[in-house]
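**Q** dropping a prediction and its sequence here:
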Amino acid sequence: MKVALVTGGSRGIGKAICLRLAQTRDYHILINYQSNKEKALETLKEVEDLGATGEILPFDVSNHIEVTEVLSRWVEANPEAVVEVVVNNAGITRDGLFMWMPYEDWNKVIQTSLNGFYSVTQFFIQKMLRNRYGRVINIVSVSGLKGTAGQTNYSAAKAAIVGATKSLAQEVAKRNITVNAVAPGFIETDMTESLDTKELVKIIPANRFGKAEEVAELVGFLASDKASYITGEVININGGIYS
C-alpha cells in the first residue's frame with residue numbers, strides 16, 4: 001500500500017491537496033488533523049467518493065512526542081504500508097506587531113510550522129532513504145519570502161522551512177527523494193476570511209485571491225514522477241504579488 005500523508009489535511013489548502021492526491025488513486029490518503037474531527041471525516045468521505053482510500057489521523061504536529069507515538073503506532077499497525085509522499089501543510093497564525101508579541105504567540109507559530117516539519121519529516125526520511133523514493137512537499141508562504149508586517153513569527157517560521165527545504169533536498173537527492181516548497185500568496189481559505197479582500201486585491205497583479213485547488217494542482221504535480229528532476233525549489237503561487 002502506497003501512502004500520502006497530509007498534515008492539517010481537514011480544511012482549506014490541506015483538504016484540497018488530499019482530494020487532488022486522491023484523484024490519482026495511487027495513494028491511500030492519511031488525513032492529519034488536530035481538533036476538528038468532523039471536518040476531517042468530511043474530507044475523508046470526499047476522498048472515498050473519488051474512489052480512493054484513506055483514514056484520519058489525529059495528532060498535534062507541534063508536539064514531538066505525540067507525533068512520534070501516533071506515527072509509530074500507525075506504522076506498526078500497517079507493516080505493508082510505504083509512505084511515499086509527505087505534505088507538511090499544518091500551520092497557524094498569531095498575528096501582531098513584533099514589539100507587542102507575547103512569547104506564546106511567537107513560540108506556538110514556530111512550534112507548529114517549523115518543529116512540525118521536523119517531527120513529521122524526520123520520522124519518515126530514513127524509511128524513504130531505504131526505499132530509495134520519496135516526495136516531501138512543504139507548504140510555506142509569500143510571507144516567508146518577502147516578509148509581512150504583523151507576521152514576524154509566521155514569516156520567520158516559513159523562511160526557516162525554505163532553508164530547510166533547500167538543505168534537505170541536497171542530502172537526499174541521490175536516493176530519488178525530492179524536497180520542494182510551495183509558497184502560496186493570498187488564497188481563499190478560512191485563514192484569509194477575516195482579511196480585507198477588496199483592499200488586498202489591489203496589490204495582486206492577477207486581481208483576485210487564489211483558490212486552494214490551484215495550490216493543490218501544483219502539489220499534485222510535485223508529488224508525481226513527472227517532477228522527479230525538480231528538487232530544492234520554492235515555487236511561488238500568488239498571482240504575481242511577489243516576483
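**A** Received, thanks.

**Q** contacts only, for residue 177.
**A** Residue 177 makes contacts with 125, 128-129, 132-136, 231, as judged by CB atoms under 8 Å, 6 or more residues apart in numbering. From N, CA and C alone the C-beta is placed, and that goes for glycine too.

**Q** report the buried members of these.
**A** 125, 128-129, 133-136, 231 (16 or more other CB atoms under 10 Å).

**Q** among the contacts of residue 177, which are in helices?
**A** Using DSSP state H, the subset of the contacts of residue 177 located in helices is 125, 128-129.

**Q** turn these into TSV, including pLDDT and distance to residue 206.
**A** Shown next, in TSV, are the ones in helices among the contacts of residue 177 (pLDDT from 0 to 100; distance: CB to CB, whole Å):
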residue	pLDDT	distance to residue 206
125	98	36
128	98	35
129	98	39
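
**Q** for those, which one is nearest residue 169?
**A** Lowest distance from residue 169 to the ones in helices among the contacts of residue 177 (CB to CB) belongs to residue 125, with 11.6 Å.

**Q** spatially nearest residue to that closest one (excluding sequence neighbours)?
**A** Leaving out its chain neighbours, the residue that sits closest to residue 125 by CB to CB, 6 or more residues apart in numbering is residue 172, at 6.8 Å.

**Q** could the contacts of residue 177 go into JSON lines alongside distance to residue 74?
**A** Shown next, in JSON lines, are those (distance: CB to CB, whole Å):
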{"residue": "125", "distance to residue 74": "16"}
{"residue": "128", "distance to residue 74": "16"}
{"residue": "129", "distance to residue 74": "19"}
{"residue": "132", "distance to residue 74": "22"}
{"residue": "133", "distance to residue 74": "19"}
{"residue": "134", "distance to residue 74": "17"}
{"residue": "135", "distance to residue 74": "19"}
{"residue": "136", "distance to residue 74": "18"}
{"residue": "231", "distance to residue 74": "27"}
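
**Q** distance between the lowest-mean-pLDDT helix or strand in the chain and the chain's centre?
**A** Comparing helices and strands within the chain by mean pLDDT, DSSP states H and E singles out helix 197-201 as the least confident, with a mean of 79. Here helix 197-201 is found 25 Å from its chain centre; the criterion is CA atoms, centre = their mean, to the nearest Å.

**Q** and after that helix, which helix or strand comes next?
**A** Note on helix 197-201: by DSSP states H and E, the next helix or strand toward the C-terminus is strand 210-211.
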